[in-house]
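Participant: The sequence isn't on hand, but the structure is:
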Ligand SMILES: NC(=O)c1ccc[n+]([C@@H]2O[C@H](COP(=O)([O-])OP(=O)(O)OC[C@H]3O[C@@H](n4cnc5c(N)ncnc54)[C@H](O)[C@@H]3O)[C@@H](O)[C@H]2O)c1
Ligand SMILES: [Fe+2]
């Protein structure tokens, strides 16, 4: 039996500086007449919501705003947004912000046609019906969420970040306007940029990697190598910002149709327990988890090192894998990524009490099973201890 892979993606992607101003005409094209804009207070303060609403109004579309999304959004954020959608009778959703508003908007959009407890959406392909049309406009580069069929929502009752992967979560259209990312301060640029890199690398080494996701993953890796340090050093570098936006989307499409692996599996429990932002917790884990994993797929990791431009075909795979791990350690130093124990809410006692639960939650998410080297619960605990 041949293996069959499934590839989902947005029907339309507008990309390039200024593309946000085409939101109104795109909304009209999709048949929307009253849009719910889902965003967060930080994005409102930047003035981006006003621009988005102006574009909608110019096309004759009514706009309602829900701006109470918090970083690493919760079930309550989704329910509050859903209440606004229903009270206002909106027929289309616009997500504006980083991964947090985009993920919240995705689940708000599917709930009217899938009335169930959100916990039942966790896992792969658990949401049966398409939702209200969604246009996603990222302001970070990024999670790539605008081009994925994934949403991550925290269940605060259980301290679990629920990973939902279902085709109905795929935005109908994405507008990737890199100009919106130019206000990101260096620390945010670094964290979300390493998230992008992790998507490319994990999609490429995953046991679910395939011929459609591989080229996107390798391009993502190569663009991050060339442009992340530049965007970090100079927030106004337009070429670097545009390249990182492209990388973010490619990484998103790659992992959404392959999978993420152990870094993401271990990252979500750190976010749930210590409230470390997603990109930062990935960065804390990436060098150590990569050193643990390379032996499971040395050829794949070596190809990733070659895509980074840090080694070539004259060197064997073992050399290339070592070079990759060293490069990741240097990147973390250059981007001033802290250790987990240095995080403001890190607490040694809480870590000792929670590390076994975190390891079990990582396994339960399913992501570690896609890793080239599949770890036991004990090995995950040891990896947490190493990065602490
Ligand atoms: N669905 C997916 O495919 C996917 C993939 C990876 C991560 N995620 C999820 O995405 C979330 C993280 O998203 P994120 O890292 O983009 O951050 P975020 O959306 O949580 O935003 C972080 C902060 O940055 C601010 N911000 C956003 N854009 C800005 C800009 N242009 N300039 C200045 N500040 C800005 C926000 O106001 C917020 O305070 C996590 O919950 C993570 O689990 C989802
Ligand atoms: Fe991620």
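Facilitator: Perfect, I can see it now. Values in this document were obtained by computation on a predicted structure and should not be read as measured data. Numbers count the residues shown, from 1 in each chain. Ligands and ions are numbered 1, 2, ... in the order given.
Participant: Pull the contacting residues for residue 193.
Facilitator: 141, 224, 228, 231-232, 244, 279, 335 (CB atoms under 8 Å, 6 or more residues apart in numbering). The C-beta positions use only the backbone N, C-alpha and C, and glycine is treated the same way.
Participant: how close does it get to residue 60?
Facilitator: Between residue 193 and residue 60 the distance is 38 Å, computed by CB to CB, to the nearest Å.
Participant: now do residue 332
Facilitator: Using CB to CB, residue 332 is found at 49 Å from residue 60.
Participant: swap in residue 52?
Facilitator: Plainly put, residue 52 is 15 Å away from residue 60 if you go by CB to CB.
Participant: cool, residue 282 as well?
Facilitator: In terms of CB to CB, residue 282 sits 42 Å off from residue 60.
Participant: wait, residue 200 sits on residue 215?
Facilitator: No - between residue 200 and residue 215 there is no contact under CB atoms under 8 Å: 10.9 Å.
Participant: Between those two, which is the more surrounded one?
Facilitator: Ranked by neighbour count (other CB atoms under 10 Å), residue 200 and residue 215 place residue 200 first, with 31 against 12.
Participant: quick one: which helix or strand includes that one?
Facilitator: Using DSSP states H and E, residue 200 sits within helix 186-205.
Participant: now the following helix or strand past that helix, how far from the centre of its chain.
Facilitator: Using DSSP H and E, the helix or strand that follows helix 186-205 towards the C-terminus is helix 213-233. Chain-centre distance of helix 213-233: 15 Å, with CA atoms, centre = their mean, to the nearest Å.
Participant: how about the residue nearest to residue 120 when sequence neighbours are not counted, what does it touch?
Facilitator: Spatially, and ignoring its direct neighbours in sequence, residue 120 is nearest to residue 126 (6.2 Å; CB to CB, 6 or more residues apart in numbering). The neighbourhood of residue 126, defined by CB under 8 Å, 6+ apart, consists of 120, 164, 166.
Participant: rerun that using 10 Å as the cut-off
Facilitator: Contacts for residue 126 (CB atoms under 10 Å, 6 or more residues apart in numbering) come out as 114, 116, 119-120, 164-166, 168.
Participant: what are the phi and psi angles of the closest residue to residue 319 other than its chain neighbours?
Facilitator: In space, and not counting its chain neighbours, residue 319 is closest to residue 311: 6.5 Å by CB to CB, 6+ apart. Main-chain dihedrals, residue 311, degrees, to the nearest 10: phi -160, psi 170.
Participant: likewise residue 136?
Facilitator: According to degrees, to the nearest 10, residue 136 has phi -110, psi 130.
Participant: where does whatever residue of the stretch 251-388 of the chain ends up closest to ligand 1 land on pLDDT?
Facilitator: Nearest to ligand 1 in the stretch 251-388 of the chain, going by CB to the nearest ligand atom, is residue 278, at a distance of 3.6 Å. In this model, residue 278 is scored at 94, pLDDT.
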